[in-house]
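coordinates only, sequence not included:
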């Protein structure tokens, strides 16, 4: 199991890698820029060198970047222009850092067909500006606020419009998929969801999983992450994915809430422990 989490870069980009090492993770995700600002300082040679040295020391792989939440490739002209520029910048930063994959929320637009066209055109522009950059993974969304990508068919339509589709893949967010209406809670429901993904997109395109429980019920189309086993999907539902041998080489990235539990334990450590327990559960766990 390739288990990791999206971790903070406060104090330097390499700090996310250090925290991953402390938590015993084999993979990690991070922002390569301040994700709430359009302008970012240049990446220094010293920062790049420290990042590479830290990754080599901890043997983390893959290392995955996440796009800024400001970006909307299907937005108004000024936002879209800034988003394409920001994506191009982030891809260049990621290449310097040796990032393996870059996860991106596709975008939002009340007209899904128009949004898909705009997103695809923006992705083509950004990808062409750096043809040897990291792989780009389009994330499944919950469908909240006109977000595009909440159906597998929408992601497939996006991929079909790309000039270099082989450079792109998908990131499967369990909370988002569940909120969008794809059930995971029973063995039959889980298999039906994965069969649909395979039929529409192909499991070969699934290159990362954001592993989260959901605060909101099935089909709510509300994006609210919850700690593993404490939400509407539950331990058994997430266990189906964790034990799916088809995903053994796919990184599982926790994006659960941060902070400490009521016993003072780091929530990332608590959630990681739960995930590891679900990989080889006791018989009663599979029935819960």
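The structure has been received and is ready for your questions. What you are looking at is a predicted structure, and each value in this text was computed from that prediction instead of being measured.

now do the helices in the stretch 1-150 of the chain.
14-22, 45-58, 77-97, 112-129 (DSSP state H, counting those that start in this stretch).

quick one: contacts of stretch 11-30?
Contacts of stretch 11-30 with the rest of the structure, by C-beta atoms under 8 Å, 6 or more residues apart in numbering, involve 2-9, 32, 47, 50-51, 53-55, 57-66, 97, 103, 251-253, 255, 266, 268-269, 272. Where C-beta positions appear, they are placed from N, C-alpha and C, glycine not excepted.

now do it: distance to the chain's middle.
16 Å (C-alpha atoms, centre = their mean, to the nearest Å).

also stretch 108-120?
Remark: stretch 108-120 is offset 20 Å from the chain centroid, using C-alpha atoms, centre = their mean.

pLDDT below threshold where in the chain?
283-288 (pLDDT under 70).

re the thing from before, show me which of the contacts of stretch 11-30 are buried.
Buried subset of the contacts of stretch 11-30 (neighbour count, 16 or more other C-beta atoms under 10 Å): 2-7, 9, 32, 47, 50-51, 54-55, 58, 60, 62-66, 97, 103, 251-253, 255, 268, 272.

test my guess that residue 110 contacts residue 148.
No: taking C-beta atoms under 8 Å as the definition, residue 110 is not a contact partner of residue 148, at 10.1 Å.

ok, those two, which is more surrounded?
residue 148 (28 against 9; other C-beta atoms under 10 Å).

separation between the residue lying closest to residue 176 once chain neighbours are set aside and residue 25?
With sequence-adjacent residues excluded and distances taken as C-beta to C-beta, 6 or more residues apart in numbering, residue 176 is closest to residue 142, at 4.3 Å. Distance from residue 142 to residue 25, counting by C-beta to C-beta, to the nearest Å: 25 Å.

how about residue 94?
Distance of residue 94 to residue 25, given as C-beta to C-beta: 19 Å.

ok, back up a step: in a markdown table: the helices of the stretch 1-150 of the chain, plus distance to residue 189.
Formatted as a markdown table, the helices of the stretch 1-150 of the chain follow (distance: least, C-beta to C-beta, whole Å):
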| stretch | distance to residue 189 |
| --- | --- |
| helix 14-22 | 32 |
| helix 45-58 | 37 |
| helix 77-97 | 35 |
| helix 112-129 | 25 |
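
quick one: closest of those to residue 276.
Judged by C-beta to C-beta, the one of the helices of the stretch 1-150 of the chain that comes nearest to residue 276 is helix 14-22, at 14.8 Å.

my guess is the residue nearest to residue 176 contacts residue 225. True?
No: with contact defined as C-beta under 8 Å, residue 142 does not reach residue 225; the gap is 9.9 Å.

who touches both of the two?
What both residue 142 and residue 225 touch, as defined by C-beta under 8 Å, 6+ apart, is the set residue 175.

look at those two and report which has more neighbours.
residue 142 (25 against 22).

residue contacts, the more buried one?
150, 173, 175, 176, 179, 180, 220, 221, 222, 223.

cool, and residue 253?
4, 5, 6, 27, 28, 29, 64, 208, 209, 210, 211.

can you rerun that using 10 Å?
2-7, 25, 27-29, 62, 64, 66, 103, 171, 173, 208-212 (C-beta atoms under 10 Å, 6 or more residues apart in numbering).

next step: those restricted to strands.
3-5, 28-29, 64, 66, 103, 171, 173, 208-211 (DSSP state E).
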